Each structure stands twice: as structure tokens, then as C-alpha cells.
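Asks: Here's my sequence, what's the structure:
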Amino acid sequence: MSDSPVVLVVGACGLDRLLCVQKYPAADSKIRTTSYHEIGGGNAANTAATIGRLTNATFARNLNIQVKYLGKVGQDPIGQQLLQELNESNVDTTSPLCLQGAIGSTTSFSTIIVSDQDHTRTCLHTPGSCGELTVQDCQNVDMDVVFRNVVHLHSDSRHTSAALYLAQQAHQRGITVSCDCEKDRNHDDLDQLLQISDIIFTNSGCLGEYLVRLTSKYEQEQGIKSLH
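Replies: Numbers count the residues shown, from 1 in each chain. As a prediction, the model looks like this:
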């Protein structure tokens, strides 16, 4: 498998704690959950795990594709649990850019309240102290090692500056890039990341307003008078 084609996935990895309730609680109420689950989350980690599981599918076995996760978790039990779950989903976590934070650092987690009655979910995110993957992290490793046998790079737009750096490195090597633009992060590096990406994924409520902002920004830079 050492010479197999590799898909790199860079971005968020955290723990999701799902609390299912009959209906969303009112303020100051005390209710019971109908079920509770803990599972690895984060857009990039979810994507990596899905690709990893698909590598066992009949149509993919002859391709011998590997998927590697790039990102950062804390040095805590949650971080260890998430890395183990990724490994169990056929995701390689041995890249020099799959990092753990400093000793004592924590991994982010989200508490998700799911309403059975309304079919809605409310996410409460708790950031960890491990930090994000940085450009300096990328510059401290050999990019030729990171990109060995890589055929595609995917980003969830988190760790935005590092993701842009990696996308630029991929572009220089003729490697395709995709980006899941979850929302407008109002960050120049995200603007550049989208420009360099070959494929962009987004949600129905995001891209329209984002493109309006990018168009307005371009018109201002070019001194073009807007028609709208």
C-alpha cells in the first residue's frame, strides 16, 4: 500500500455529543434525553472517515486508495479516541501534519441537541485548547513527504491559512483541490483558497451572499462601479 494513490483531507476533527430529546426544552426546564451518543465529528474528519470506509467497497478495492487526515487534536482522552476512530475507519493518521497539541491541551467538542418532534438540531461548540494547524506547522515539514503519491487534496475551509498553503503546494504539483465552504469566514485566505480550488462544495444558504461580497470586493479593488 506504500505506493497507493493518496487523498489528503485537512481540517477540523472533534467529538460530537448527541443528546436526543422528544422536543426542544424551554428555558429553565429539566427534561430527559431519549438517547445519547458520542462519535467523532468535524467536517474534515467525517469526510476522511467516509472515504476510508469506502475503500473497502467492491468498486474501490482495485484502486487501493489511501486517505490521510491532516489537522490537530489535543493531548487528552478525546484526542486519542478520535485518532483511534479514524484509524478504525481506514484513515491514516501518521502524516507529519496530523498533530497533537501541547501536553495538557484539549480537543474541541460539540454538544448537539436533536429534537425528535421538530426534526431540528442545535449545536453548542466548545473549542479546545490544542489550536489549529498553522502555516508554520506546514513549513516545518518536508512537503515532498506530505504530498508523496497524493492525487487529491480536500479542505473543509477550517485551519484556513494552513489549508491555503497546502492548496498552493498541491497546485504547484498538479494535484487537484476541493473545498467545502461551510460559510463565509470573512478571511482573505478563504477567498484565495476558493480561487485555487477545482471543486467547491457549499450549502444553499451560504454561497449566494458570499459571492456578492466577493464581487463587491473585486469591484472596489478594480474601481468598477457596481450595477446593483
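
Asks: these two touch, right, residue 210 and residue 181?
Replies: Yes. In this structure, residue 210 is within contact of residue 181 by Cβ atoms under 8 Å, at 7.1 Å. C-beta: built from backbone N, CA, C; applies to glycine.

Asks: secondary structure class for residue 114?
Replies: strand (DSSP: H, G, I helix; E, B strand; the rest coil).

Asks: ah, wrong one, I meant residue 56
Replies: coil.

Asks: Tell me both backbone torsions, phi and psi, for it.
Replies: Main-chain dihedrals, residue 56, degrees, to the nearest 10: phi -90, psi -10.

Asks: what's the least confident helix or strand in this protein, going by average pLDDT?
Replies: Ranked by mean pLDDT, DSSP states H and E, the weakest helix or strand in the chain is helix 207-222, scoring a mean of 72.

Asks: any idea how far the residue nearest the centre of the chain is from residue 219?
Replies: In the chain, the C-alpha nearest the mean C-alpha coordinate belongs to residue 44, at 2.7 Å (Cα atoms, centre = their mean). Taking Cβ to Cβ, to the nearest Å as the measure, residue 44 falls 33 Å from residue 219.

Asks: can you check residue 151 too?
Replies: 37 Å.

Asks: Residue 100 too?
Replies: 44 Å.

Asks: Quick one: mean pLDDT for the longest strand along the chain?
Replies: In the chain, assigned by DSSP state E, the strand with the most residues is strand 66-75. Averaging pLDDT along strand 66-75 gives 97.

Asks: On the C-terminal side of that strand, identify the next helix or strand.
Replies: helix 77-88 (DSSP states H and E).

Asks: just checking, what packs against whichever helix or strand comes after that following helix?
Replies: Using DSSP H and E, the helix or strand that follows helix 77-88 towards the C-terminus is strand 91-92. Where contact means 3 or more Cβ pairs under 8 Å, 6 or more residues apart in numbering; DSSP states H and E, strand 91-92 is packed against helix 43-54, strand 66-75.

Asks: buried stuff in stretch 85-98?
Replies: Buried residues in stretch 85-98, counting neighbours by 16 or more other Cβ atoms under 10 Å, are found at 85-86, 89-93, 95, 97-98.

Asks: so residue 177 makes contact with residue 194?
Replies: No. Counting by Cβ under 8 Å, residue 177 sits too far from residue 194 to count as a contact (10.0 Å).

Asks: So the two - more neighbours on which side?
Replies: residue 177 (24 against 20; other Cβ atoms under 10 Å).
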